[in-house]
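Trainee: from the sequence below, what's the structure:
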Amino acid sequence: MKKTLAALAVLGAFAGTAAAADVTLYGVVDTGLMYSYSKSNSFTANGDDVNKLEMSSGVNSGSRFGLKGTEDLGNGIKIGFRLENGFSSDDGTLGQGGRLFGREAQVSVYTDYGTLSLGRMGALGGAAGTYDIIYAIGDSFDGGDEFVFGMPGTDRFDNLVVYQTPQFAGLQVTGMYSFKKDSSGQGTEGTFSSEDRYAGLSLTGEYGPAQFVLAGEMTKYGYNGAGASRTLPDDAYIISLGGNYNFEVVQVFAMAQYFKNLDDFTVSDEDTGFGLTPAKGYKGYSVHLGAIAPIAGGDLTVGAYYTDGSAEEVATGVDADLTYYGLAARYCYPLSERTTIYVGGGYGEVTADKYDAAHTQDAEYKLGGVYVGLDHHF
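Mentor: Sure thing, here's the model as predicted:
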């Protein structure tokens, strides 16, 4: 009897603490079946066709598990936190390189003068997390479909400091800086030898059915542990301008980007099979058009992507001309407030024009597929 009363007292104490701190347990489990096809044609040989039928996790919504909460300190000040991990629901492994809270691990201070956040979070163009801004506003798929996404983007970064102003006349400014993007890399945080650092600044506007975003992102490439220059010493830039308008019968999205000195031509990294080794990185532009339309109780999302770029000062002495295009569609139908069934597919292709030393051969990579799945939010 005494043990029972003691247990009840402990549970009551935890319940009171949780209520005071307003802690929420949440997550998503997303699992489906996917058929995919890919083929790579290099400068020296044609690759074999690859056909796969597999179970996949996180196609419609990334599978995740998290804790979040806030505490009101009074005088218009609140303290909040978010701890969130990603995992593969088909095999149970942790995502983001096996990090326990790889999706997000941050603490925030909320005041009447804005919000200050510290920790690991998605960058402005990371298409994930608390500060998912660029693609949430300008991309119908909010970061591309499973097979299709040719636009340049950033990622989740460590050591981020973020400040977001209050909204004024529909406008809001968000700025962020990372002392070192990846703590597992070489170099010392906060120094010139840090492997990579990141800075981003965005201006967003919300006016009834219309939203827009103008953002600039910069990566300062660092140096390796021995102090030697890396392959890409120049700073990388991505400038994004996009928005959406909700006509009620359909919500339309559009975005354009300019990029320079990137270490990848597309975020899917599919072009790396060509063996491209640019000394200054990739530069070019990307455009996107998309839409979300309510149909038969669900939502149909479509998107088209096009990217044109070049690789400067490549090892062969030739500047490569590269293009990417992709088309995607997905239909989601809610079975309840928390459970959704979805089906979709897409196709993308990236090509390198006459990039070999003789200026005669092209290379290409093709990827496409279809999928069906179920996601449950709790």
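Trainee: any regions of this structure where pLDDT drops low?
Mentor: Low-confidence segments of the chain, defined by pLDDT under 70, are located at 1-21, 42-47, 186-187, 191-194, 223-233, 266-280, 312-319, 354-361.
Trainee: where do the helices sit along it?
Mentor: 2-21, 134-138 (DSSP state H).
Trainee: got the contact list for residue 323?
Mentor: 306-309, 350-351, 353 (C-beta atoms under 8 Å, 6 or more residues apart in numbering). All C-beta spots, glycine's among them, are computed from the backbone N, C-alpha and C.
Trainee: swap the cut-off to 6 Å and go again
Mentor: By C-beta atoms under 6 Å, 6 or more residues apart in numbering, the contact list for residue 323 reads 308, 351.
Trainee: again, but for the one 3 residues further on
Mentor: Residues near residue 326 by C-beta under 6 Å, 6+ apart: 148, 150, 305, 348.
Trainee: so how far is residue 325 from the last one?
Mentor: Which is residue 348. Using C-beta to C-beta, to the nearest Å, residue 348 is found at 7 Å from residue 325.
Trainee: the more surrounded of these two?
Mentor: residue 348 (24 against 16; other C-beta atoms under 10 Å).
Trainee: was I right about the more buried one contacting residue 146?
Mentor: No. When contacts are counted by C-beta atoms under 6 Å, residue 348 is not listed as touching residue 146 (10.2 Å).
Trainee: follow-up on the earlier one: export the contacts of residue 326 as a markdown table, with columns for distance to residue 112.
Mentor: Rendered in a markdown table, the data for the contacts of residue 326 read as follows (distance: C-beta to C-beta, whole Å):
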| residue | distance to residue 112 |
| --- | --- |
| 148 | 42 |
| 150 | 41 |
| 305 | 40 |
| 348 | 45 |
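Trainee: closest one of the residues you listed to residue 184?
Mentor: Among the contacts of residue 326, residue 150 lies closest to residue 184 (C-beta to C-beta), at 27.8 Å.
Trainee: burial count for the closest one?
Mentor: 27.
Trainee: in contact with it, which residues?
Mentor: 266, 305, 307, 324, 326.
Trainee: check contacts around residue 255.
Mentor: By C-beta under 6 Å, 6+ apart, the neighbours of residue 255 are 138, 242, 288.
Trainee: quick one: which of these is most hemmed in?
Mentor: Ranking the contacts of residue 255 using other C-beta under 10 Å puts residue 138 first, with 27 neighbours.
Trainee: my guess is it contacts residue 242. True?
Mentor: Yes. Judged on C-beta under 6 Å, residue 138 makes contact with residue 242 at a distance of 2.3 Å.
Trainee: mutual contacts of these two, please.
Mentor: Common contact partners of residue 138 and residue 242 (C-beta under 6 Å, 6+ apart): 213, 255.
Trainee: how about residue 262, nearest residue that isn't a chain neighbour?
Mentor: Spatially, and ignoring its direct neighbours in sequence, residue 262 is nearest to residue 282 (4.7 Å; C-beta to C-beta, 6 or more residues apart in numbering).
Trainee: which strand runs longest in this structure?
Mentor: strand 23-41 (DSSP state E).
Trainee: which residues of the stretch 251-378 of the chain fall in strands?
Mentor: 251-262, 282-295, 298-311, 320-334, 339-353, 363-377 (DSSP state E, counting those that start in this stretch).
Trainee: output these as TSV; include the columns distance to residue 76.
Mentor: Converted to TSV, the strands of the stretch 251-378 of the chain look like this (distance: least, C-beta to C-beta, whole Å):
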stretch	distance to residue 76
strand 251-262	34
strand 282-295	36
strand 298-311	37
strand 320-334	37
strand 339-353	37
strand 363-377	31
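Trainee: and those strands: which comes nearest residue 183?
Mentor: Across the strands of the stretch 251-378 of the chain, residue 183 has its closest neighbour in strand 251-262 (21.9 Å, C-beta to C-beta).
Trainee: pull up the pairing partners for that closest one, direction included.
Mentor: strand 236-246 (antiparallel), strand 282-295 (antiparallel) (DSSP bridges).
Trainee: so which of those is nearest residue 173?
Mentor: strand 236-246 (14.8 Å).
Trainee: and the contacts of that closest one?
Mentor: By C-beta under 6 Å, 6+ apart, strand 236-246 touches 134, 138, 152, 209-219, 251-253, 255-262.
Trainee: got a ChimeraX select line for the buried ones in those?
Mentor: Of the contacts of strand 236-246, the buried ones can be selected in ChimeraX as follows, counting by 16 or more other C-beta atoms under 10 Å:
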select :134,138,152,211,212,213,214,215,217,218,219,251,253,255,257,259,260,261,262
